[in-house]
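Pasting the sequence and the predicted model now:
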Amino acid sequence: MDKIQNNIDEFKRLSNELKVNLKDENKINKVINKLKKENQKFNQNFNLSFKPKSGKKESETIESLKVNNFAKISNIFFRKISEKLVDSFKDVDLSLKKANIPILIQSYISMMLFSLTLGFLLSSILFIFLVSTSLISWSYFWIPLAVCVLIFAGFYSYPGSEASNIQKEIAYELPFATIHMATIAGSDIEPTKIFKIIATSDEYKNLGKELKKILVQINVYGYDLVNSLKNISKRTSNEKLAELLGGLATNISGGGSLKNYLEKKSENYLQDYKLERKQYINVAETFMDIYISVLIAAPLILMLMFIIMSVANLNLGGLSLRALLFLTVAIVGIMNVVFLIVLSLKQPKI
């Protein structure tokens, strides 16, 4: 970031030099050549500053290239249509930004439309093939439509789901990052450097991405720190982080003590952190009691009842014993999956 700022300062100096020497053609050419060289340095420094760390897996880079190629192909066919639909997907656009997904909403809509088209064509071909081989009847004509609905639902819900995951990750990192920031602020360091230290730390990967946005607004777009904090607070997926950034903006503009403010916030966040884990323990205990009652005791009672029905040659609602056994096993399996999903959603990051 310092190199980028130095490049920007050099741009300004050379621009002023160019204005002074407008009548001297040789000096103009020399200054223009210097500007070209500075432009190359700026591009290199900018790419290095925001380049993914070398620790990233090669598969992640390949996956990113695949997404970019898919977006390019999708834009070729659906760019004009997607531009008209942008206003209808404002919530998806906001979720893309909160989830830090580096795709424009126009490209994302194009990818969705292209996937819908491919899904409909492929499922239609498969449906016709299955009908022609008499494996299914024409009454299953809804299959291609169902595939399109699933694809649309997946594209529509994915950014929001990803933003929710990042919100949880930030909530986990925030108490410790705030303590770190309070410690740094105690040395009376320039506030922007506090965010730079936290953003470049490997310990706060998701929070660091949000703080890097602040640095980009300051160093690239020329905003001051207070406005940058306010802008990012409106776009972050985590409410506590938004509150923290907004409070920092107010504190800095009012000339308050950053150290005291950050220490108080870190204490509050640590208390919330402990309380959240206690609540999860209580929820887990409740779920354990329900699980033992519903999915362990109840099936055993049903098995005893089925044995009695088998001896007495009884049935229930016209269903055979085998059908009842199959239905019971299916319900127990589904409820186990539901319990696991609910617990995973409730579980805080450890």
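Yes, it's here.

can we go C-alpha only for contacts and neighbour counts from here?
Will do.

and the closest residue to residue 295 other than its chain neighbours, what element?
Leaving aside its sequence neighbours, residue 295 sits nearest to residue 332 (Cα to Cα, 6 or more residues apart in numbering; 6.4 Å). Residue 332 is part of helix 321-346 when elements are defined by DSSP states H and E.

now residue 82
helix 58-85.

that older thread, how distant is the helix holding residue 332 from the center of its chain?
30 Å (Cα atoms, centre = their mean, to the nearest Å).

and the nearest residue to residue 199 once chain neighbours are set aside, how many residues sit next to it?
Residue nearest to residue 199 in three dimensions, not counting chain neighbours: residue 208, with 3.9 Å by Cα to Cα, 6+ apart. For residue 208, the neighbour count with other Cα atoms under 10 Å is 22.

Repeat that for residue 322.
11.

and residue 336, how many neighbours?
By other Cα under 10 Å, the burial measure for residue 336, its neighbour count, is 13.

Also residue 122?
Neighbours around residue 122, by other Cα under 10 Å: 14.

Can you check what pLDDT the model gives it?
Residue 122 carries a pLDDT value of 93.

Could you pull up phi and psi at it?
phi -70, psi -40 (degrees, to the nearest 10).

how much space between it and residue 214?
Here residue 122 is placed at a distance of 45 Å from residue 214 (Cα to Cα, to the nearest Å).

Any regions of the stretch 251-350 of the chain where pLDDT drops low?
314-319, 346-350 (pLDDT under 70).

For it, just list every one of the helices.
258-291, 298-312, 321-346 (DSSP state H, counting those that start in this stretch).

Name the stretch among those that sits most buried.
Ranked by mean neighbour count under mean count of other Cα atoms under 10 Å, these are led by helix 258-291, which reaches a mean of 15.

now for that helix, which elements pack on it?
helix 143-185, helix 239-254, helix 321-346 (3 or more Cα pairs under 8 Å, 6 or more residues apart in numbering; DSSP states H and E).

among those, which is nearest residue 203?
helix 143-185 (8.1 Å; Cα to Cα).

any idea how far the closest one is from the chain center?
Centre to centre, stretch against its chain (Cα atoms, centre = their mean), the figure for helix 143-185 is 4 Å.

What is the end-to-end distance of stretch 98-114?
24 Å.

Check which residues of stretch 192-204 are buried.
194-196, 198-199, 204 (16 or more other Cα atoms under 10 Å).

likewise stretch 231-250?
Residues 231-238, 240-242, 244-249 are the ones in stretch 231-250 that count as buried (16+ other Cα under 10 Å).

Return stretch 332-349 as CSV; C-alpha atoms alone will do.
In CSV, the C-alpha atoms belonging to stretch 332-349 read as follows (Å, rounded to 0.1, in the frame of the first residue of the first chain):
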residue,chain,number,x,y,z
VAL,A,332,-35.9,-42.1,11.3
GLY,A,333,-33.2,-41.6,8.7
ILE,A,334,-34.7,-38.3,7.5
MET,A,335,-35.1,-37.0,11.1
ASN,A,336,-31.4,-37.9,11.8
VAL,A,337,-30.4,-35.8,8.9
VAL,A,338,-32.6,-32.9,10.0
PHE,A,339,-31.1,-33.0,13.5
LEU,A,340,-27.6,-32.9,12.1
ILE,A,341,-28.4,-29.9,9.8
VAL,A,342,-30.1,-28.0,12.6
LEU,A,343,-27.2,-28.6,15.0
SER,A,344,-24.6,-27.5,12.4
LEU,A,345,-26.6,-24.3,11.7
LYS,A,346,-26.8,-23.5,15.4
GLN,A,347,-23.2,-24.4,16.1
PRO,A,348,-20.9,-21.4,16.5
LYS,A,349,-17.4,-21.6,15.0
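
ok now it, how far from the chain's centre?
That offset, for stretch 332-349, works out to 22 Å (Cα atoms, centre = their mean).

cool, and stretch 221-238?
18 Å.

looking only at pLDDT, what's the mean for that stretch?
Averaged across stretch 221-238, pLDDT comes to 86.

How far does it stretch from one end to the other?
Per Cα to Cα, the first residue of stretch 221-238 is 24 Å away from its last.

which ones are touching the residue nearest to the spatial centre of the chain?
The residue lying closest to the centre of the chain (Cα atoms, centre = their mean) is residue 99, at 2.8 Å. By Cα atoms under 8 Å, 6 or more residues apart in numbering, the contact list for residue 99 reads 159-160, 162-164, 166, 237.

right, and out of these, which lies closest to residue 253?
residue 237 (24.0 Å).

how near is that closest one to residue 169?
Using Cα to Cα, one obtains 10 Å as the distance from residue 237 to residue 169.

With residue 187 instead?
Separation of residue 187 from residue 169 (Cα to Cα): 28 Å.

For the two, work out which one has more neighbours and name it.
For residue 187 versus residue 169, the count of surrounding residues by other Cα under 10 Å is larger for residue 169: 18 against 9.

And for the more buried one, nearest residue in space, chain neighbours not counted?
Going by Cα to Cα, 6+ apart, residue 169 has residue 206 as its nearest residue, at 6.5 Å.
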